[in-house]
Structure formats: C-alpha cells, structure tokens
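Engineer: the sequence and its predicted three-dimensional model are supplied below.
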Amino acid sequence: MYTSDIESKTILKTIFAYLVLTLFCALFGAVYEYFSHEVFSYFMLYAFGFPLIGGVLVYFLLLFFRLPLPGRLSLNLYNSGIAALTVGSIFQGILEIYGTTNRLIYVYWVIGALFLLTGIISYIMSLSAVSKKQNNDA
C-alpha cells in the first residue's frame, strides 16, 4: 500500500502547516528575546526545532519514501506530542528568561514524549496489521 495522490496532498498540507509553525516559533523566540534585555534561554531559541524536525522532516520522509498516511489516532497522538514539546520548550524558555522555575514544567516533557511514543507505536502496529492482511490475501 503506497501513498495515494490524496494522501500526498494531505501530507503536503501538513508539511506546510508545520513550516508555518516553525517560522512562528522562530520569530516568537527572536522577538521575545529581543525585548528580554539580553537575557536568553536555549529552550526559547530552539523551540522551533520540535515542529521542524518532528513535523516537517518526519512528514517529508513519509512523502519521500511513499509510506502510507498514519491513521487518525496515530496522527492525533503524534501531533499532540509535538505540540506539548513545543509549548513546553517555549514555557521553559519564558520561565528561564524571567528568572524563575516551576517544578511542574516536567509534565510537558513527559506528556509530550508519551504522546509521541504512543503515536509512533500506533502507526507501527497499523503498518504491521496492514502487511499481515496483505500477506493473508495473497
């Protein structure tokens, strides 16, 4: 089962959305740090990396290798993981620039990682189910 034209268009729309999100995060981080009086945070500087690597790169690889589009559950879990990690990075950066900490910030990292992992596992399980079905039909 290969990527159809409809799935390719869906993946391209997703790549475009992640590119816009990447640019927004980079611009937001730059503007925030410009007005922070030369105080910076690596979490704020590199928050754009989550949508860039986890979104643009991953979906581009799906398109390049013509892999099937993940199911709705896998997509929702994976995209929620990217969102949680991005927001967590920005929030951690804001706290560091402000000069304070919050002990609950780890929740973003844990939930983001769990969503990412369950999304990936769900996608792998759906791929193995499809390949088993194709082997049984042949």
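Structural biologist: Looks like it came in fine.

Engineer: longest helix of this protein, counting residues only.
Structural biologist: Longest helix in the chain by number of residues, with DSSP state H as the criterion: helix 106-137.

Engineer: and that helix, what does it pack against?
Structural biologist: With contacts taken as 3 or more CB pairs under 8 Å, 6 or more residues apart in numbering; DSSP states H and E, helix 106-137 sits against helix 72-98. For glycine as for every other residue, the C-beta is placed from the backbone atoms N, C-alpha and C.

Engineer: in the helix it packs on, what's buried?
Structural biologist: Neighbour-count burial for helix 72-98 flags 74-75, 77-86, 88-97 (criterion: 16 or more other CB atoms under 10 Å).

Engineer: what of stretch 29-39?
Structural biologist: Going by neighbour count (16+ other CB under 10 Å), the buried part of stretch 29-39 is Gly29, Tyr32, Glu33, Ser36.

Engineer: now do the worst-scoring helix or strand of the chain on mean pLDDT against helix 72-98, angle only.
Structural biologist: Sorting the helices and strands of the chain by mean pLDDT, DSSP states H and E puts helix 106-137 at the bottom, at a mean of 90. Angle, helix 106-137 to helix 72-98, by axes from the mean of the first three to the mean of the last three CA atoms, to 10 degrees: 160 degrees.

Engineer: quick check: which element contains the residue nearest to Phe60 when sequence neighbours are not counted?
Structural biologist: Computed as CB to CB, 6 or more residues apart in numbering, the closest residue to Phe60 that is not its neighbour in sequence is Ile15, at 6.0 Å. Element membership for Ile15, per DSSP states H and E: helix 5-34.
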